[in-house]
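> Whatever this is, show me its structure:
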Amino acid sequence: MTTSEKLSHELEKALSGDPWYGKPVYQIIEQVSFEAAFEKAQGAAHTVAQIVLHMLAWTEEVMDRMNGMTAGMPSSGDWPPTGHPDEQKWQNYVNDLKLVNVNLLGLIQNFPEEKWNQPVNDERGAESASGVTYEELVNGLIQHHIYHAGQIAILNRIING
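Predicted coordinates:
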């Protein structure tokens, strides 16, 4: 199995498959109502909507890096603003996250096998994890998705009792 096949499989499993740790990312997000998505639980740092936009932003940043752009903060920011609560807006956020991950899967599947162990273009220095390979970058994003899906599941449970 190639690196592209392994990473595609792991990403698909985390997003919509049957991961060993529990529910996949999309199943967790789809259980969140739009009201709950914009409600900030007591003591929470972020709303579910903010976390979804954060996940979206970092997925776009990973794609930019895989396309040869210099590593940096996502173009939309680390924690993009959600704006006022709106049901259609929430559905757009969820759909955008799914679409960007479809695009990422296509990029992973077509990524040159010989490049997976090369470092991403990062001029920020050692303190910012420069030297990370493309394979480590994608693995890190998968872990990032799983981490935030866990947060979303907990916030949704707190908000809905």
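> where does A44 fall, helix, sheet strand or coil?
Three-state call for A44 (DSSP: H, G, I helix; E, B strand; the rest coil): coil.
> Likewise for E136?
helix.
> how close does the closest residue in space to P74 that isn't next to it in sequence sit to V100?
If the residues on either side of it in the chain are set aside, P74 comes closest to A57, at 3.7 Å by CB to CB, 6 or more residues apart in numbering. Yep, even glycine has a C-beta here, placed from its N, CA and C like the rest. The gap separating A57 from V100 is 9 Å, by CB to CB, to the nearest Å.
> same question, G22
23 Å.
> now swap in K13 and tell me
For K13 relative to V100 (CB to CB), the value is 18 Å.
> Would you mind telling me which of these two has the busier surroundings?
For K13 and V100, the more surrounded residue by other CB atoms under 10 Å is V100, and the numbers stand at 18 against 15.
> Mind giving me the packing neighbours of the helix or strand that one falls within?
Using DSSP states H and E, V100 sits within helix 87-109. In terms of contacts (3 or more CB pairs under 8 Å, 6 or more residues apart in numbering; DSSP states H and E), helix 87-109 is packed against helix 3-16, helix 25-30, helix 34-38, helix 48-66.
> May I have the predicted confidence score for the residue nearest to P74?
Looking at A57, its pLDDT is 98.
> Run a quick neighbour tally on it.
By the criterion of other CB under 10 Å, A57 has 19 neighbours.
> How about the contacts made by it?
Contacts for A57 (CB atoms under 8 Å, 6 or more residues apart in numbering) come out as P74, S75, S76, G77, D78, W79, P80.
> Dihedrals phi and psi, the second one?
Meaning S75. Main-chain dihedrals, S75, degrees, to the nearest 10: phi -60, psi -30.
> Not counting sequence-adjacent ones, nearest residue to the residue nearest the centre of the chain?
With distances taken as CA atoms, centre = their mean, the residue of the chain nearest its centroid is M55 (3.6 Å). The shortest distance from M55 to any non-neighbouring residue, by CB to CB, 6+ apart, is to H148 (5.3 Å).
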